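A.B. asks: Based on what follows, work out the 3D shape:
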Amino acid sequence: MSENKITNFHTHTLLCNHASGMPADYAARAEKDGCAALGFSDHCPYPEGSGDYWPDIRMKSHEALSYIQAVRSAASSVNFPVYAGFECEWDRVYESWYKEELLGTLGADYIAFGPHWVTLGSSHVYAMDIGDAATLHKYIDQTIDGIRSGIYAFVAHPDLFMGRWKEWDSEAQACLSALLDAAIACNVPVEVNGLGMTRTQNRTKRGMRYQYPYEEFWLMAAERGAKVICNADAHDPADVITAARNARTFAAQFGITPVESPFA
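C.D. replies: Take a look at the predicted model:
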């Protein structure tokens with residue numbers, strides 16, 4: 001791989017209703033900015049009518065095939081490999097959907113784990129809305145269950161909940177330590193997320209911190225030798241390589257050498 005070219009495996013499209021551009025736009029910009037491999041992982045669809053799965057922030061199930069086809073078409077226009085994937089939450093109710101529909105019928109190359117929610121009854125609570133220890137523990141247990149499922153290529157923004165939690169206290173340390181142990185045991189990379197670095201920083205007792213990636217967690221990951229991947233979480237073509245480079249710069253502070261591909 002050229003020293004000036006990098007990889008990114010966390011890319012969205014306008015189909016998720018909160019991003020701009022289609023696969024061809026991202027691929028073209030990635031080629032211009034220096035890309036060695038590009039993975040699309042837009043928010044996955046869920047079976048329509050299946051419950052509270054946040055339909056407004058993801059493609060519809062009938063759009064999934066055209067999304068895969070658009071990624072395959074974009075791949076033919078650039079000189080680096082392009083992969084078609086989805087970013088999915090974990091809820092065991094949908095396990096067969098992830099495996100049989102997304103990876104099977106649609107032929108996705110990979111699924112990224114986006115631990116956005118914790119399941120509470122028939123609804124899902126956003127990670128950045130978690131404010132009590134009991135819910136946090138349930139969220140981490142559910143995330144670890146997802147890591148152990150064997151479905152996911154990497155864990156996107158594993159420290160997402162710190163955006164609300166803010167402080168590196170005993171609860172945060174214990175929960176993220178357990179998450180990290182599971183990722184290491186399962187050989188699943190954890191992601192330094194470039195998008196999080198663009199969000200308003202939090203003032204904490206230890207000083208200013210990104211909402212995520214959260215400094216103390218990544219020091220822990222480095223000390224334990226966790227497998228790390230650096231991605232953009234691009235929602236605009238202009239961010240696809242720039243944000244991934246920023247994630248690498250952050251990781252380098254801790255002596256982390258990221259993997260170039262979740263398939264390695």
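
A.B. asks: Okay, helices next: where are they in the stretch 101-250 of the chain?
C.D. replies: Using DSSP state H, counting those that start in this stretch, the helices of the stretch 101-250 of the chain run over 133-148, 162-165, 170-185, 215-224, 242-252.

A.B. asks: looking at those helices, which is closest to residue 235?
C.D. replies: helix 242-252 (9.2 Å; C-beta to C-beta). Any C-beta I mention is one placed from the backbone N, CA and C, and that applies to glycine too.

A.B. asks: Give me the distance between that closest one and the centre of its chain.
C.D. replies: Chain-centre distance of helix 242-252: 15 Å, with C-alpha atoms, centre = their mean, to the nearest Å.

A.B. asks: helices or strands next to it in the packing?
C.D. replies: Contact analysis of helix 242-252 by 3 or more C-beta pairs under 8 Å, 6 or more residues apart in numbering; DSSP states H and E lists strand 6-8, strand 190-193, strand 228-231 as its packing neighbours.

A.B. asks: Next, the angle from it to helix 215-224.
C.D. replies: 60 degrees (axes from the mean of the first three to the mean of the last three C-alpha atoms, to 10 degrees).

A.B. asks: Dump stretch 243-257 to PDB, keeping only the CA atoms.
C.D. replies: Taking Å, rounded to 0.1, in the frame of the first residue of the first chain, the C-alpha atoms of stretch 243-257 are listed here in PDB:
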ATOM      1  CA  ALA A 243     -11.700  12.000   8.900                       C
ATOM      2  CA  ALA A 244     -10.000   8.600   8.600                       C
ATOM      3  CA  ARG A 245      -6.600  10.400   8.700                       C
ATOM      4  CA  ASN A 246      -7.700  12.300  11.800                       C
ATOM      5  CA  ALA A 247      -8.600   9.000  13.500                       C
ATOM      6  CA  ARG A 248      -5.100   7.700  12.700                       C
ATOM      7  CA  THR A 249      -3.500  10.800  14.100                       C
ATOM      8  CA  PHE A 250      -5.400  10.300  17.300                       C
ATOM      9  CA  ALA A 251      -4.400   6.600  17.500                       C
ATOM     10  CA  ALA A 252      -0.800   7.400  17.000                       C
ATOM     11  CA  GLN A 253      -0.700   9.400  20.300                       C
ATOM     12  CA  PHE A 254      -1.000   6.000  22.100                       C
ATOM     13  CA  GLY A 255       1.500   4.100  19.900                       C
ATOM     14  CA  ILE A 256      -1.400   2.300  18.100                       C
ATOM     15  CA  THR A 257      -0.700   0.900  14.700                       C
END
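
A.B. asks: Thanks a lot, see you next time.
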